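Asker: sequence and computational prediction follow.
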Amino acid sequence: MEGQFRTWKKEKKTNIVYDDVSEKKKQGDDDLVDVLLRFQDDGIQIPLTTENIKAVILDMLGGGGETSATTVDWAMAEMLRNPRILEKAQDEVRRFFDDKGGYVDESRIHELKYLMSIIKETLRLHLPLPLLLPRKCREKCEIDGYEIPVDTKIIVNAWAINRDPKYWRNPDCFEPERFLDEDLEVDYKGNHFEYIPFGAGRRICPGMAFGLANVELPLAMFLYHFDWKLPPGMKHEEMDMSESFGITARRNETEIPKVGFRLHALIPLIPRVSREDTEIEGYIIPIGAKVLVNAWAMGRDPDIWADPRFENDPKDFTGNEFEYISFVVEEECA
């Protein structure tokens, strides 16, 4: 992804952007890029260059991509682990969007109260950034008997705050209904310090609305269009809900859906260049010849795949089994 971002930054597509902005001005439809370009045109004390605008957009896409995907993954995992919650959420989404002919959009998505409570509970229990970005103490203070000198760097443990039993009933349980309680007047905008998935104060996450939109709409679409079930023979309580170590608290990938990657290879046709003269089934492949490997067909070969569910098959997708190369082989996929 970093390589794609670097390439994007190097490409000069300013004229395309301005053409698009000019067309939107005629329609009266502004987005974030329009607003930033308007600041650039109007002039402010701190000049806003085209490079600054591109950097802001890149930060939003980079910062709001993985965190949103992590939240969607946790929300789906918790619903699969709690069939009652999943069924209730699906009923609400389908009942609401059936009146719109099955078209799921974000125009009235905030009216889905139960889905919103699921997202809030997911952010409480599995916030993407357990440790908020570092802060610096601007003045000397004392907290619980500890003296904090000025300019001390502070890391806020939002994960522990969101699970504090002094403020949360059954803090380690996934209970979306708690956010439907009228007595619990808590939101994620930084006004309640017992619930700060996006931080608080002047340094609250600037991409909060963008990140929430990237969670709300995909979840609504997943719930409306698909029926979700665990693999055959797997029990709900057997799901691995442990967290992986990193900047973001992702779910451990111990249950990677092998069947999905076999049936729907991420790259169906894998391009290669022959490094030496060779012969395959009577066909001579000269050195330097460009070859397309049909991973889609190999993943569906009935002579190889006797057990479609991998229940009794040790095959993996690390490139050691050439009949199953959803992620390519050798050092090609880093």
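Answerer: It's in. Keep in mind the model is a prediction, meaning the values are calculated, not measured.

Asker: wait, Ile148 sits on Lys136?
Answerer: No: counting by CB atoms under 8 Å, Ile148 stays clear of Lys136, with 10.5 Å between them. C-beta: built from backbone N, CA, C; applies to glycine.

Asker: so those two - more neighbours on which side?
Answerer: Ile148 (13 against 9; other CB atoms under 10 Å).

Asker: who's in contact with the more buried one?
Answerer: Neighbour list for Ile148: Cys137, Lys140, Cys141, Glu142, Ile154 [criterion: CB atoms under 8 Å, 6 or more residues apart in numbering].

Asker: quick check: it vs Lys140, distance?
Answerer: 7 Å (CB to CB, to the nearest Å).

Asker: send the alpha carbons of stretch 286-301 over as CSV?
Answerer: Output in CSV follows, covering the C-alpha atoms of stretch 286-301 (Å, rounded to 0.1, in the frame of the first residue of the first chain):
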residue,chain,number,x,y,z
PRO,A,286,11.0,-20.8,-24.4
ILE,A,287,13.0,-18.6,-22.0
GLY,A,288,11.6,-15.1,-21.6
ALA,A,289,8.1,-16.2,-22.5
LYS,A,290,5.3,-14.5,-20.6
VAL,A,291,3.1,-17.0,-18.9
LEU,A,292,-0.3,-16.6,-17.2
VAL,A,293,-0.9,-19.2,-14.4
ASN,A,294,-4.7,-19.9,-14.0
ALA,A,295,-4.9,-20.1,-10.2
TRP,A,296,-8.7,-19.9,-10.5
ALA,A,297,-8.8,-23.2,-12.5
MET,A,298,-6.2,-24.9,-10.3
GLY,A,299,-8.2,-24.1,-7.1
ARG,A,300,-11.3,-25.8,-8.6
ASP,A,301,-9.6,-28.9,-10.2
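
Asker: buried sites along stretch 107-116?
Answerer: Buried residues in stretch 107-116, counting neighbours by 16 or more other CB atoms under 10 Å, are found at Ile109, Leu112, Tyr114, Leu115, Met116.

Asker: what about the strands in this structure?
Answerer: 135-136, 141-143, 146-148, 153-154, 269-273, 278-280, 283-285, 290-294 (DSSP state E).

Asker: can I get those strands in a markdown table including distance to Arg250 and mean pLDDT?
Answerer: Formatted as a markdown table, the strands of the chain follow (distance: least, CB to CB, whole Å; pLDDT from 0 to 100):
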| stretch | distance to Arg250 | mean pLDDT |
| --- | --- | --- |
| strand 135-136 | 24 | 85 |
| strand 141-143 | 31 | 88 |
| strand 146-148 | 31 | 90 |
| strand 153-154 | 25 | 88 |
| strand 269-273 | 27 | 83 |
| strand 278-280 | 40 | 86 |
| strand 283-285 | 41 | 88 |
| strand 290-294 | 30 | 84 |
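
Asker: for Leu36, which of those strands is the nearest?
Answerer: Closest approach to Leu36 among the strands of the chain is made by strand 135-136 (26.6 Å; CB to CB).

Asker: show residues contacting stretch 177-191.
Answerer: So stretch 177-191 is in contact with 113-114, 116-117, 120-121, 123, 168-169, 192, 194-201, 204, 208, going by CB under 8 Å, 6+ apart.
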